[in-house]
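Visitor: Provided below are the primary sequence and the corresponding predicted coordinates.
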Amino acid sequence: MKIRRVKDRLKMVCAPYYLPKENKSKPEGEDAHFACMEEQTIGVADGVGGWAERSIDAGEYARELMMNSFFALHKNPKEKEPRKVEGVDPKRVLHDAFSVTESKGSCTACIITHKDGVLRAANVGDSGFMLFRKNKLVYRSPCQQRGFNCPYQLGNNKNSDKPECAIEIKVEVMEGDVIILGTDGFFDNVFASEAEEVLERESRKKGGIVPKNLACYIAELALYNSFDRFRESPFSRNAKLAGKNRRGGKIDDITVIVSQIVAVDS
């Protein structure tokens with residue numbers, strides 16, 4: 001009888017939560033996301049708001065890119081598919097989705113996939129993820145920016161970035177680890193220490209951490225912080241480092257996908 005390794009029994013379970021900022025002309029906001037548990041793959045995208053000056057809703061580009069990312073995971077095996085021996089290749093998924101996305105606009109994007117206790121990610125811009133172990137931050141994905149509040153962005157415009165610039169990430173995970181994947185609406189308003197406090201509180205509840213509940217609490221915390229005009233926030237701290245006088249949170253669309261690594265019966 002073949003004995004399966006512990007890592008072979010690990011699975012990522014997740015729950016998304018989205019809070020679009022109030023805008024009657026864009027009720028869906030400019031963020032987008034997808035989750036495919038069959039392929040253990042999730043993704044977020046954030047439409048760049050500057051396109052509004054040209055009367056373009058960049059949220060449409062973000063939503064189309066995420067929809068095409070989901071479809072890229074289900075290609076006919078006879079076709080060129082976004083997989084390698086070790087599982088889904090997130091950068092290939094991003095490339096395939098980008099190649100058929102036709103909407104105007106641009107967006108940041110981050111796609112994560114899990115297989116056998118290893119997370120692989122492809123990230124463009126200032127979306128990204130945090131990895132927590134025993135309620136403490138152990139890894140945060142790097143941010144791609146050309147300057148303060150000027151992230152790399154995918155799009156069809158001649159000056160936009162292409163998937164080739166995506167940062168590729170590979171990190172091992174363990175049973176019980178929690179991953180928070182989010183757009184900058186989360187990262188600009190919530191310090192890692194604040195997320196750790198929420199994780200600690202939730203882990204003490206009966207039944208422990210529940211991704212659906214945690215996603216709600218984390219997103220609502222980001223929303224609450226975004227309306228505080230006087231607190232120091234990650235956004236205001238980064239502004240200060242860039243030589244700009246800016247206090248308070250940043251009102252924005254907020255997307256989080258909370259995932260937990262769990263062991264499953266063989």
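Guide: Looks like it arrived, so ask away. Numbering: from 1, shown residues only.

Visitor: quick one: low-confidence ranges for this protein?
Guide: For the chain, residues meeting the criterion pLDDT under 70 lie at 1-8, 76-86, 266.

Visitor: can we see that at 90?
Guide: The model of the chain has pLDDT under 90 over residues 1-9, 22-26, 49-50, 52-53, 74-87, 157-159, 207, 245, 264-266.

Visitor: which helix or strand contains the nearest residue to Ala166 once chain neighbours are set aside?
Guide: Once flanking residues are discounted, Ala166 sits nearest to Ala122: 4.3 Å by CB to CB, 6 or more residues apart in numbering. Quick note: C-beta positions are derived from backbone N, CA and C, even for glycine. In this structure, Ala122 sits in strand 118-124 according to DSSP states H and E.

Visitor: contacts for that strand next, please.
Guide: For strand 118-124, the external contacting residues (CB atoms under 8 Å, 6 or more residues apart in numbering) are 7, 86-91, 93-94, 108-114, 129, 131, 141-142, 144, 152-154, 161, 163, 165-173, 179.

Visitor: are any of the residues you listed buried, and which?
Guide: 87-91, 93-94, 108-114, 129, 131, 141, 144, 152-154, 161, 163, 166-167, 169, 171, 173, 179 (16 or more other CB atoms under 10 Å).

Visitor: buried residues, stretch 131-143. List them.
Guide: Going by neighbour count (16+ other CB under 10 Å), the buried part of stretch 131-143 is Leu131, Phe132, Asn135, Leu137, Tyr139, Ser141, Cys143.

Visitor: is Glu168 part of a helix or strand, or is it coil?
Guide: Three-state call for Glu168 (DSSP: H, G, I helix; E, B strand; the rest coil): strand.

Visitor: look up which residues are beta-bridged to it.
Guide: With DSSP bridges as the criterion, Glu168 is bridged to Ala122.

Visitor: tell me which residues touch it, please.
Guide: Applying CB under 8 Å, 6+ apart, the residues near Glu168 are Pro90, Lys91, Arg120, Ala121, Ala122.

Visitor: roughly how far apart are the residue lying closest to the second one once chain neighbours are set aside and Gly105?
Guide: With sequence-adjacent residues excluded and distances taken as CB to CB, 6+ apart, Lys91 is closest to Ala122, at 4.0 Å. Distance check for Ala122 against Gly105: by CB to CB, to the nearest Å, it reads 20 Å.

Visitor: settle it for me: which of these two has more neighbours?
Guide: For the pair Ala122 and Gly105, the greater number of neighbours falls to Gly105 (29 against 22), based on other CB atoms under 10 Å.
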